[in-house]
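# this one's structure only:
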């Protein structure tokens, strides 16, 4: 719980710093004139994740991870990139070798890499597909697999936020994400889950809170299922 609280605080700071105009919202002033942050209650739904039953975390091998950037461009996507980096950077048992901001830079001007990521993101897997061990090798050629591994500095895993969005709904903010983790050697889907969050707050503050909650839910699933717990 302490690690999650620390991550949340760091993420809020990162996302606030990425906001244009500097309007953060979500604060009230006490009778002594000090600012007190208020955090409306959120409703988070994280479905039961799919975890590849053949995957076993190693007690001796450090996981090296690359995180793909969310689709789109602009301040909001850069904010999400920074949030993922902040959440995963200090995760015990993990080496974050491929950051989403660096990944995005490599995609600029590399049409082949963009097409590969678009194809992977567009995939939809049934429970039967996942049980059969489908993954990257069903959609990428051996050369594309090798090019992807080299682009990602020979990382062992790729975390792909295939869907990530927040939207205004009246005075609420709704968030949705679908994240998959792939084994870059076998190509198998190791982990998949979808997440829904409702924030009883609109505007930039609501959007930031939805983004933080979605990223931390994804990070929690990854840490709990892909890394050996002490």
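Now that the structure is in, tell me what you want to look at. All values reported here derive from a predicted model rather than from experimental measurement.
# C-alpha from now on. contacts and neighbour counts both.
OK.
# shaky segments in this structure?
For the chain, applying pLDDT under 70 flags the ranges 1-40, 73-75, 229-230.
# ranges for the helices of it?
For the chain, helices defined by DSSP state H occupy the ranges 2-17, 75-88, 100-107, 111-121, 127-131, 142-151, 203-226.
# Next, the buried residues of the fourth one.
For helix 111-121, the neighbour count (16 or more other Cα atoms under 10 Å) marks 113, 116, 117, 120, 121 as buried.
# sorry, back to before: to residue 50, which of the helices of the chain lies closest?
Residue 50 lies closest to helix 127-131 among these, at 8.0 Å (Cα to Cα).
# hang on, the earlier thing: including distance to residue 49, could the helices of the chain go into CSV?
Formatted as CSV, the helices of the chain follow (distance: least, Cα to Cα, whole Å):
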stretch, distance to residue 49
helix 2-17, 19
helix 75-88, 19
helix 100-107, 23
helix 111-121, 18
helix 127-131, 11
helix 142-151, 25
helix 203-226, 8
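# Which of those sits closest to residue 46?
Nearest to residue 46, of all these, is helix 203-226, at 7.5 Å by Cα to Cα.
# And the furthest pair within the buried residues of helix 111-121?
It's 113 and 121 that sit farthest apart of the buried residues of helix 111-121, by Cα to Cα, at 12.2 Å.
# Of all the helices of the chain, which one is nearest residue 56?
Comparing those against residue 56 with Cα to Cα, the closest turns out to be helix 203-226 (7.9 Å).
# roughly how far out does the closest one sit from the chain middle?
Counting by Cα atoms, centre = their mean, to the nearest Å, helix 203-226 is centred 7 Å from the centre of its parent chain.
# in that helix, what counts as buried?
203-223, 225-226.
# and if you look at stretch 99-110?
By 16+ other Cα under 10 Å, the buried positions in stretch 99-110 come out as 99, 100, 101, 102, 103, 104, 107.
# can you tell me how far the third one sits from residue 107?
Counting by Cα to Cα, to the nearest Å, the separation of residue 101 from residue 107 is 10 Å.
# just residue 153 next, same as before
Remark: distance between residue 153 and residue 107 (Cα to Cα) = 14 Å.
# Over to residue 96?
From residue 96 across to residue 107, the span is 18 Å (Cα to Cα).
# next one: residue 160
14 Å.
# swap in residue 50?
29 Å.
# ditto for residue 156
Relative to residue 107, residue 156 is positioned 19 Å away (Cα to Cα).
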